[in-house]
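Participant: No letters, just coordinates:
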């Protein structure tokens, strides 16, 4: 072989690529993210929702429950808010909820959302209830 051929052959050996890919750094990162998730997940505060079993026929107890609360909030399909059957704005709802919390500190308000109402309106009412100091809310759904 001539010198030139030997030189080309040596250069080709120098630039050959290995087919192996080092996955160790990727696996390390995945394990770190997994461990962080396992540590953080129990600390997250999630809303605890307790759903009651709904029956088709309304019992006397359920009928009394619907009429017996001093604080009832209805959200109809047009996203209008009714506080004790009177239409109010969101700002008025905040004021009325603060007043009712002072007047009836131990009562649990009842919230009657319509299934066609926007979720944003539903969440605004729940936020108003939470900001006014209510820790629990009865969400009453129509079984129809």
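Facilitator: Looks like it came in fine. It should be emphasised that the depicted structure is a prediction, and the values quoted were computed from it without experimental measurement.
Participant: can you give me the strands for the chain?
Facilitator: 72-75, 81-83, 86-88, 110-113, 138-139 (DSSP state E).
Participant: I'd like these laid out as a markdown table, including mean neighbour count.
Facilitator: Every residue, glycine included, has its C-beta placed from N, CA and C. Output for the strands of the chain, formatted as a markdown table (neighbours: other Cβ atoms under 10 Å):
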| stretch | mean neighbour count |
| --- | --- |
| strand 72-75 | 21 |
| strand 81-83 | 19 |
| strand 86-88 | 13 |
| strand 110-113 | 19 |
| strand 138-139 | 16 |
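Participant: Would you check how far apart the closest residue to residue 107 other than its chain neighbours and residue 39 are?
Facilitator: Of all residues not flanking residue 107 in the chain, residue 70 sits nearest, at 5.4 Å (Cβ to Cβ, 6 or more residues apart in numbering). Residue 70 sits 44 Å away from residue 39, taking Cβ to Cβ, to the nearest Å as the criterion.
Participant: Could you check which of the two has the larger neighbour count?
Facilitator: residue 70 (12 against 9; other Cβ atoms under 10 Å).
Participant: Am I right that the more buried one is in contact with residue 104?
Facilitator: Yes - when contacts are counted by Cβ atoms under 8 Å, residue 70 is listed as touching residue 104 (5.1 Å).
Participant: Redo the strands of the chain as a markdown table? Include mean pLDDT.
Facilitator: As requested, the strands of the chain are exported to a markdown table (pLDDT from 0 to 100):
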| stretch | mean pLDDT |
| --- | --- |
| strand 72-75 | 90 |
| strand 81-83 | 92 |
| strand 86-88 | 91 |
| strand 110-113 | 90 |
| strand 138-139 | 86 |
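Participant: Quick one: closest of the ones you listed to residue 31.
Facilitator: Ranking the strands of the chain by proximity to residue 31 (Cβ to Cβ) places strand 138-139 first, at 40.7 Å.
Participant: elements contacting the closest one?
Facilitator: Contact here means 3 or more Cβ pairs under 8 Å, 6 or more residues apart in numbering; DSSP states H and E; on that basis strand 138-139 packs against strand 110-113.
Participant: if we look at the strand it packs on, which residues are touching it?
Facilitator: 65-66, 69, 71-75, 122, 125-126, 129, 137-142 (Cβ atoms under 8 Å, 6 or more residues apart in numbering).
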